[in-house]
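Peer 1: Model the following, please.
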Amino acid sequence: MTPPSIFLVGAPKCGTTALYTYLRAHPDVFMSPLKEPQFFAEDLLGNQRNVRNWESYLALFDAAGRRRAGEASTCYLGSASAAAKIKDFSPAAQILIMLRNPLEVMQAEHATRILGGTETVVDLASALAADEQDGPGAVPLRHRPRGMRYREIVRFAPQVAKYFGTFGRESVHVIIYDDFSSDTAKAYREMLSFLGLQTGFEPRFTRVNSHRRIRSMTVHRLLLAPPAGVRVVSHAVMPQRIRRLAGDCLRRLNASVEPRPAISQQLSAKLRREVEPDVDTLSRLLNRDLSGWYR
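Peer 2: Just a heads-up that it's a prediction; the model follows:
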């Protein structure tokens, strides 16, 4: 077993699935077959992590052989404790971070949570407002998606600073989604160079993880939480594997791949004002002007 030394730690909805796919294709790299093990983010996800014990985590890398091993868990960037835990486990680890316009991240994360059934408020502005509420009349915590709130996810400056401080800047490579999207091959070569891998290899850069719009929320809710009678009958006549395949097929039929709709001008202006201080701090941290994210 080759222990992982490459960690793609986030951020969510910033192209990490595509980068994981392209990195996994490299002949000298073995990426965990499970994206999002989430093992080191106990503070955020607790027992809802996909992998919760050392034996199961290390088993993900049994087939690595002599290749360098790595994994991708986007919750690590926002976790308060993951960076220190990864450092203790793999002191020489190299960290990959992907960042994107915070407004786009919040919108994409909201859509993902709707699709996965962990968000029930369909309107983005209403979901953001409900997410910040506490006290009487607020959405109970047990009914909120487990993990970080939308605005917490995109406070990138302190998250990146934490990894710089834990691993040193020389061991952290930050990729801006705009660069990755406009010239994927160049961003990929730069990442390989940072990792000390041969840069002559280039995978097929196919589009990954396109936005999907739910056609019918009523059907979607029924598929996520079918009536008791339907569950009893389906369990009686279909094996678990067939039930999952059928559910996946029905969910795909109830979704269409299309461009993500634009955020309303009013909400966009409000969010741009909110993210400006953090984006400016991040710009100084990375020595790069990112003010276009809020202008």
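Peer 1: Where do the strands of this structure begin and end?
Peer 2: 4-8, 29-31, 68-72, 94-99, 172-176, 212-214, 255-257 (DSSP state E).
Peer 1: which stretch among those comes nearest residue 285?
Peer 2: strand 172-176 (9.1 Å; C-beta to C-beta). Backbone N, C-alpha and C define where each C-beta goes, glycine included.
Peer 1: Return the list of helices and strands in contact with that closest one.
Peer 2: Here strand 172-176 touches strand 94-99, helix 156-167, helix 184-195, going by 3 or more C-beta pairs under 8 Å, 6 or more residues apart in numbering; DSSP states H and E.
Peer 1: Between helix 184-195 and that strand, find me the angle.
Peer 2: 170 degrees (axes from the mean of the first three to the mean of the last three C-alpha atoms, to 10 degrees).
Peer 1: List of residues touching strand 172-176?
Peer 2: Under the criterion C-beta atoms under 8 Å, 6 or more residues apart in numbering, residues 15, 19, 94-100, 160, 163-164, 187, 190-191, 194-195, 286, 288, 290 lie in contact with strand 172-176.
Peer 1: same thing but at 7 Å, please
Peer 2: Under the criterion C-beta atoms under 7 Å, 6 or more residues apart in numbering, residues 95, 96, 97, 98, 99, 160, 163, 164, 187, 191, 194, 286 lie in contact with strand 172-176.
Peer 1: Pull out the buried residues from stretch 285-295.
Peer 2: Residues 285, 286, 290, 293, 294 are the ones in stretch 285-295 that count as buried (16 or more other C-beta atoms under 10 Å).
Peer 1: can you tell me how far the second one sits from residue 99?
Peer 2: What that stands for is residue 286. Distance, residue 286 to residue 99, using C-beta to C-beta, to the nearest Å: 9 Å.
Peer 1: ditto for the last one
Peer 2: Residue 294 sits at a distance of 14 Å from residue 99 (criterion: C-beta to C-beta).
Peer 1: Over to the first one?
Peer 2: In this view, residue 285 and residue 99 are 11 Å apart by C-beta to C-beta.
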